[in-house]
Every structure is written in C-alpha cells, then in structure tokens.
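> sharing a model that was predicted from the sequence below.
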Amino acid sequence: MSSPSTQLILREQDVVKLACEFLENREMNISQIALERESGVINGDLSDDVIFLRQLILDGQWEDCLEFIQPLSQLSSFKISLFQYIILKHKYLELLCIKSEVPIQPTDTAVNEVVDLLKELEPLCPSKEEYSGLCLLLTLPKLTDSPDFRHWNPIKARLSCFKQILPLVKDLLSGEKRESFSSSLVATNDRLLQLIIKGILYESCVDFCQQKATQSRNNSIEFTNVLSSSDFNDSDLSLLSWLQSIPPDTFSCPFEQKSLNVDIERLQKPQLETSWTEHILVTPIRSNMFPHSAMPQSKFKSQDVMTKSLSLMLNRQESRGELTDMSRSLASFHLTGKKLMDTSVDQLFKERDNNQTPTTIPEENNIASEPEAQSELRQSSATPRSSREGTPGSPTQIRSTDNIITLDMGKPKFVKVTTLEDVQAVRCAEFHPEGRVYAVGSNSKTLRVCEYPDISRIGENHQTHQPTVLFKRTKHHKGSIYCLSWSYNGTLLATGSNDKTVKLMTYNRESNSLEGGEKDLTMHDGTVRDCCFVEEGPGGSSLLLSGGAGDCKVYVTDCQTFTPFQALTGHTGHILSLYTWGGGPIFVSGSQDKTVRFWDLRTRGCVNLVQYGADGTVGSPVASCCVDPSGRLLVTGHDDASVVLYDIRGGRSVSNIKVHNNEVRSVRFSPSAYYLLTASYDGTIVLSDLQGDLTSSLPSVTVASHQDKVITGRWHPHHFSFVSSSADKTSTLWALPSV
C-alpha cells in the first residue's frame with residue numbers, strides 16, 4: 001500500500017514577485033526593473049492601462065505619458081495639473097542631469113530647453129517655494145549636489161514618479177487585467193523575508209525533532225544559517241507526518257508562549273557612480289510580453305525633444321582605450337573581417353585563372369545598383385590580366401594608405417557616359433532625389449538641368465556624348481555658381497554664389513523647368529560656399545542651410561516664407577562644406593578653422609565639435625565633409641590631401657587615408673555606404689572599399705580623372721554611377737559598363 005502524498009504547487013512567477021518586492025523595499029531599483037523586464041512579471045494588482053502608463057514612465061517617454069492621459073482631462077475628478085507637474089518635473093530633472101554630464105559647446109544649447117521646461121512648470125507648481133527650488137537646481141554644477149537629490153538616479157526617480165502618479169489614475173483607469181487571479185496576489189510586508197525566517201524555523205524544528213527521536217539530551221533549538229547546506233529534501237515531510245500522528249488531546253495542553261527576536265543586518269549598499277545620461281538615453285531592452293510589446297517602436301518623443309543631439313557625445317565619457325575599443329561603436333558599419341559580398345574593389349586587380357567563367361547579370365533591368373555593381377566589378381576582374389596588358393588606355397592606380405602601385409590595366413572600369421562642356425570651370429553638380437535629372441552650375445554663371453540617360457547598355461567602347469540639357473539659364477547669378485542643392489522631395493532647388501546671394505527656386509518635374517520668380521536671399525556678406533536642405537520646418541516644410549565666407553555663420557531659412565530666421569555662430573574660419581543626412585535636424589559643417597561642428601536645429605547651437613590638430617598634430621582646414629546614413633561615421637577631406645574617417649560615437653579618428661596628393665574637395669559615401677568616393681585638386685576621383693576593418697589600410701582605386709582640378713563628385717541616388725565637375729570646364733557622368 002503506497003503512502004499518502006501531499007502536493008505543493010509553487011509558481012516561479014510568484015517567486016519573482018517576492019524578489020521584486022524585496023528589491024523595491026531596499027531601493028535596489030535598477031535590479032528590480034531589470035528583473036521585471038527579463039521575467040515579464042510585475043508585482044502589482046494593476047489594470048492593463050495603468051501597467052502601460054507605468055512602462056511609459058519607466059522608459060522615460062514623458063510626452064507619450066501626457067498624450068496617453070489626455071482622455072481623462074475631461075473628467076472633473078482628474079487632477080490633470082498635478083499629473084502634468086509630476087511628469088514635467090521628472091523630465092526637467094533628467095535634462096538637468098544630461099546638461100551637467102555632457103560637455104556641450106556652446107554651453108547654452110541645452111539651457112534653452114531647461115528654461116522652456118521651467119516656463120511650463122511655473123503655472124503647474126503647487127507653490128512658489130517649490131518653483132524657486134526647481135530654479136535653484138539650474139545654478140548647481142550637478143543635480144546630485146542638491147541635498148534633496150544626493151542619491152538621485154533616473155531609474156529610482158522614474159519609479160518614484162509612478163508611485164506619485166498612481167493615486168491620481170488608479171480608480172480612473174480600472175479597466176481589464178491580463179490575469180484575473182494571479183495578478184491580484186501581490187507580495188507585501190517583506191513576504192520573502194518572512195518565508196526565509198519561517199523556512200529556517202522549519203529546518204531547525206526538523207533537526208530538533210530528530211535529536212529528540214535519537215534521545216539526545218540537547219533541549220535547545222539551534223537555528224541554521226540561511227546559506228548553510230542541509231540534507232533536507234523536498235520530499236521529506238517527516239515533521240509534518242509526526243505532527244499528524246500526535247493525538248488531538250496533546251494540542252489542548254497549555255504551552256509556554258515564546259517570541260523570536262530576529263536581528264536583520266542591513267546591507268550596506270555601495271554609492272553608485274556612473275554617467276546617468278547613458279541610462280536616460282539608452283533604448284530599453286524589449287520583450288514580446290505586455291507591456292513591453294505594446295511600447296511605441298519609434299524613438300521616444302522625449303528623447304527626440306531633449307537629447308537626440310546630445311547622444312552624439314555619450315561615448316566621449318568613456319575611457320580612451322585602444323583602437324579596438326573604438327571599433328565597437330562601429331560594429332554595424334561593415335567592421336567584419338569577412339566581406340559582405342564575394343567581391344570588393346581590391347579584387348578588381350586580383351589575378352584570375354584564364355579559364356574562369358565571367359559572372360553575368362540578367363539582361364532585364366541591367367542598370368547597376370550598388371550591390372549589382374559588385375558583380376560587375378567581379379566580372380571585370382575576371383578578365384585575364386595577360387589579355388589586358390598592352391591595351392591602349394590610361395593606367396589605373398590601386399592605392400592603400402601605405403603605398404601607391406601603378407598597374408597598366410587598360411581602359412578605366414568606369415566609362416564616361418556624357419560630358420558637359422562649358423566655357424569656364426564647372427564648380428558643382430547634384431542629382432535630383434529621384435535620379436532622373438541632375439543640375440550643374442559653373443563659373444560662367446550658367447545653371448543647367450541635364451537628363452540622366454539610360455545606362456543599362458553602356459559598354460566599355462561607349463562613345464561619350466553631350467548630355468541632353470532640359471533647362472538652361474545664363475547669368476543665373478551675378479557671380480560664379482559655387483554650390484547647389486535639391487530639397488528632399490525635389491520641388492526646390494537652391495544655388496549659392498560669390499555674389500554673396502542664395503537663390504531659391506521651385507522646380508517643376510513635369511516640364512523640367514524652374515517656374516515662377518526665384519527668391520534672392522542676401523543675408524551673407526561673403527561667398528556662399530555650400531548649401532543643403534533639412535525637412536524640419538513648421539508643418540513639415542523645408543529649411544535651407546547655407547554658409548561660406550564673411551561672417552562665418554550658418555544661416556537657416558524657412559522655405560515657406562523665404563525668411564532667414566536663425567544664424568548659427570561658432571566657426572572662426574570660412575565655412576567650406578555643409579552636410580545633412582536622413583532629413584533630420586542634425587547637420588555638420590566643415591571649416592577653414594580646422595573643425596567640424598555638429599549642429600541641432602532644435603537646440604539652436606553646436607552639440608559636438610571635432611577639432612583636427614587638437615592632439616598636437618598640425619591639422620588642416622576641412623574642405624569637405626560627409627556622414628554615413630547611420631550617423632556613426634564622419635569622413636572629411638582636407639587641404640593637405642588627407643581623408644580622415646572619424647568615429648562619432650567613439651570620439652576619435654579611425655583612419656587617415658592618403659590616396660590624393662592635393663586638396664580633397666569632395667567626399668561622399670555610396671548610398672549603402674559600402675564605398676567612399678573622393679575627388680581632389682590632383683585631378684583624380686578615388687573609390688575606397690569600406691567593407692573591411694576600417695582601422696586598417698583600405699583598398700582604394702582611382703576610377704576616374706579630369707585634366708584639371710576635380711571639384712565635385714556625387715553619387716546617383718539609386719545606381720552605381722556618379723557625376724563629377726572640374727576646373728577643366730567639364731562635368732562628366734561616369735558609370736560601370738554593363739555585361
């Protein structure tokens with residue numbers, strides 16, 4: 001006959017709740033939130049709406065919190081002013097923390113947002129004294145210098161924020177709950193500690209009963225240590241069995257009441273020291289469980305408003321270690337030793353067997369995009385070297401950062417598709433965002449819009465011809481056209497000149513013409529060297545950035561009202577290059593003062609500064625600059641012929657590439673950032689492969705050349721082709737021959 005068994009059901013979910021309550025009671029909030037996020041368990045009897053609001057607060061999505069609660073603002077019982085005050089106060093504290101930890105130049109770039117927040121808080125503050133206290137925090141070097149915030153950290157503060165918010169919304173957001181039974185069971189009153197004490201008592205009672213059963217004379221109970229090992233196992237119910245066998249009359253006997261004195265030795269928690277800014281800005285780890293799965297997938301609005309530009313500076317707080325430390329911040333930027341494709345530029349010159357079969361591309365839609373172009377490069381390199389030697393044509397050079405080797409490779413790999421001829425130097429050329437046309441400006445004051453031809457059947461023996469000019473305007477400026485730029489939607493075209501003006505025009509895609517009278521912007525007092533658009537204006541309208549000589553300011557113009565409304569100062573030399581990526585509010589400028597500045601239009605100032613020559617080297621003026629689409633890598637071309645790759649997050653130079661012997665006037669990443677195109681006053685255009693380790697020598701090859709200085713090199717937005725402009729009075733479209 002089998003002995004009767006007793007079953008105990010223990011849920012790990014409840015164990016996690018015990019641990020969460022233990023950590024929360026001891027203000028170990030960082031560990032508590034990490035445990036909640038990884039386990040998907042919250043110790044609380046809350047509705048789904050309240051849990052969702054709680055997670056918004058813990059993720060620091062302050063604007064989303066205010067937006068989520070808007071439906072309750074119609075209820076007279078909801079204290080919306082108090083709710084707004086608590087949310088904005090915590091946002092204010094985090095912004096103060098960021099301002100004190102991140103070295104920004106100029107220092108007032110973050111102060112404006114702090115002041116704006118204070119203005120919002122003033123009518124919401126419960127008292128003037130409390131508002132004065134918030135203002136006083138702005139004068140302190142660090143938030144933690146205040147006695148009230150000596151032990152402040154963002155995780156602890158966000159939990160505190162939710163606790164203050166909960167009484168305001170709990171009764172109003174009492175909707176559905178995901179678990180009708182288990183979520184109502186909440187760990188309270190230090191339940192974990194209670195169970196540990198009772199467990200020690202049980203173990204000690206078992207030991208005492210065993211001693212009595214063996215007729216030991218020891219009448220005292222000795223308590224075991226929490227961490228001491230025990231032979232007791234989960235199936236040992238001897239004490240319970242013994243208690244069940246005692247006659248009921250035994251329990252009616254009076255016994256002496258005793259109390260247990262429990263001395264708990266409190267943990268001496270260490271003082272936490274770190275850059276809390278990183279914890280504020282970090283993207284939270286997400287799980288596939290509610291509420292994390294319901295969090296907005298886009299970047300947090302609060303992060304966009306407060307700190308998107310400041311995130312550029314985060315990793316500059318890290319220790320300056322070896323070069324390998326810096327490489328980690330570029331982990332997603334082709335930093336694997338293995339190539340993403342079978343071929344790269346360096347394989348153009350790799351000797352192949354004579355009987356190797358060329359790789360072909362299907363005839364349909366044979367226009368080369370960037371990945372497809374790599375197959376074409378592979379096919380070109382598959383031609384036996386012996387069959388190319390001695391063929392008439394200009395020599396092609398393969399270069400590395402260590403040496404330059406000239407090989408007689410026959411015809412260039414990129415062929416001249418079209419060449420536009422002018423009577424004076426051609427300074428600038430830019431593709432329309434759709435890629436169907438490109439604009440060209442020259443020293444002859446002439447602006448042209450040229451048709452982009454069909455390059456699907458371009459061969460190595462292609463005969464170069466003049467492009468089809470769809471629009472031409474002579475005497476467009478009173479001086480030379482130094483720069484031009486298309487808006488992101490292609491409806492606007494801007495040009496800058498040494499006549500100190502910027503012209504802004506509307507482009508008609510149907511007629512390929514500039515319609516209406518152009519707007520002349522006359523705020524500059526020197527040559528306008530560069531211009532570009534961002535899509536961050538009121539109502540989504542475009543903003544035009546322009547800079548150059550004279551006062552060395554970057555001017556911001558509202559394209560809807562044609563009004564310059566902002567002038568960004570900081571450079572002490574002529575601004576030679578402007579670049580923006582992603583249509584966002586952040587852009588970079590390169591200057592004669594040997595610096596690149598990162599600007600954020602929301603903070604209205606410089607948010608990061610790269611000083612070339614600050615490490616004791618001579619440094620050189622920045623003639624051109626560009627940022628890759630991910631915003632991780634900055635490349636600059638300099639007057640001393642160097643091309644510098646700079647890790648933005650790591651805050652240091654990755655590589656100094658020597659592929660030219662004169663000023664580098666143009667640098668551009670290919671659309672997918674697999675390659676880098678550089679153009680120089682030495683008359684050459686060089687292609688560098690970025691698919692390997694950026695900290696080592698990069699394979700580079702001269703792919704095109706002009707008879708005089710090359711001023712511009714610009715990629716087609718979709719195809720593996722580019723347009724160049726030169727002092728030899730031409731602008732040439734280059735493409736790989738189809739196979």
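All right, it came through fine. Quick caveat, the model's predicted, so the values are computed rather than measured. Numbers count the residues shown, from 1 in each chain.

> what's near enough to touch Tyr202?
Neighbour list for Tyr202: Leu239 [criterion: C-beta atoms under 8 Å, 6 or more residues apart in numbering]. Where you see a C-beta, it was placed from the backbone N, CA and C, and this is true even at glycine.

> please identify the helix or strand for it.
Following DSSP states H and E, one finds Tyr202 within helix 191-213.

> just the CA coordinates for that helix, please, in PDB.
C-alpha atoms of helix 191-213 as PDB (Å, rounded to 0.1, in the frame of the first residue of the first chain):
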ATOM      1  CA  ARG A 191       7.000  38.400   2.300                       C
ATOM      2  CA  LEU A 192      10.200  37.000   1.000                       C
ATOM      3  CA  LEU A 193      12.000  37.700   4.300                       C
ATOM      4  CA  GLN A 194       9.100  36.200   6.300                       C
ATOM      5  CA  LEU A 195       9.300  33.000   4.300                       C
ATOM      6  CA  ILE A 196      13.000  32.800   4.800                       C
ATOM      7  CA  ILE A 197      12.600  33.100   8.600                       C
ATOM      8  CA  LYS A 198       9.900  30.500   8.600                       C
ATOM      9  CA  GLY A 199      12.000  28.200   6.500                       C
ATOM     10  CA  ILE A 200      14.900  28.500   8.900                       C
ATOM     11  CA  LEU A 201      12.500  27.800  11.800                       C
ATOM     12  CA  TYR A 202      11.100  24.700  10.000                       C
ATOM     13  CA  GLU A 203      14.600  23.400   9.300                       C
ATOM     14  CA  SER A 204      15.600  23.900  12.900                       C
ATOM     15  CA  CYS A 205      12.400  22.200  14.200                       C
ATOM     16  CA  VAL A 206      13.200  19.200  12.000                       C
ATOM     17  CA  ASP A 207      16.700  19.000  13.400                       C
ATOM     18  CA  PHE A 208      15.400  19.300  17.000                       C
ATOM     19  CA  CYS A 209      12.800  16.600  16.500                       C
ATOM     20  CA  GLN A 210      15.400  14.300  15.000                       C
ATOM     21  CA  GLN A 211      17.600  14.900  18.100                       C
ATOM     22  CA  LYS A 212      14.700  14.100  20.400                       C
ATOM     23  CA  ALA A 213      13.900  10.900  18.400                       C
END
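
> check which element follows that helix along the chain.
Counting by DSSP H and E, the next helix or strand C-terminal to helix 191-213 is helix 238-245.

> tell me where the model's unsure across the stretch 401-550 of the chain.
Counting by pLDDT under 70, the stretch 401-550 of the chain has low-confidence residues at 401-412, 516-517, 536-540.

> secondary structure class for the residue in the chain sticking out farthest from the centre?
The centre of the chain is farthest from one residue, Asp249, which by C-alpha atoms, centre = their mean lies 74.9 Å away. Secondary structure, DSSP: H, G, I helix; E, B strand; the rest coil: Asp249 is helix.

> the longest strand in the chain is where?
What stands out as the longest strand in the chain, according to DSSP state E, is strand 513-521.

> what lines up beside it in the sheet?
Its sheet considered, strand 513-521 pairs with strand 502-508 (antiparallel) by DSSP bridges.

> list of residues touching the partner strand?
By C-beta under 8 Å, 6+ apart, the surrounding residues in contact with strand 502-508 are 432, 449, 476-477, 486, 490-497, 513-516, 518-521, 524, 528, 531, 544, 546, 557, 559, 562.

> who touches Ser442 in this structure?
Contacts of Ser442 (C-beta under 8 Å, 6+ apart): Asp422, Gln424, Ala425, Val426, Arg427, Ser480, Ile481, Ser725, Lys729, Ser731.

> and the gap between the residue farthest from the centre of the chain and Cys205?
Taking C-beta to C-beta, to the nearest Å as the measure, Asp249 falls 21 Å from Cys205.

> how about Gly199?
Counting by C-beta to C-beta, the gap from Gly199 to Cys205 is 11 Å.

> repeat that for Ser238.
Separation of Ser238 from Cys205 (C-beta to C-beta) stands at 11 Å.

> got it, and Phe78?
53 Å.

> what's the answer for His719, then?
Taking C-beta to C-beta, one finds His719 at 82 Å from Cys205.

> looking at these two, which is more packed in?
Higher neighbour count among His719 and Cys205: His719, with 21 against 13, using other C-beta atoms under 10 Å.
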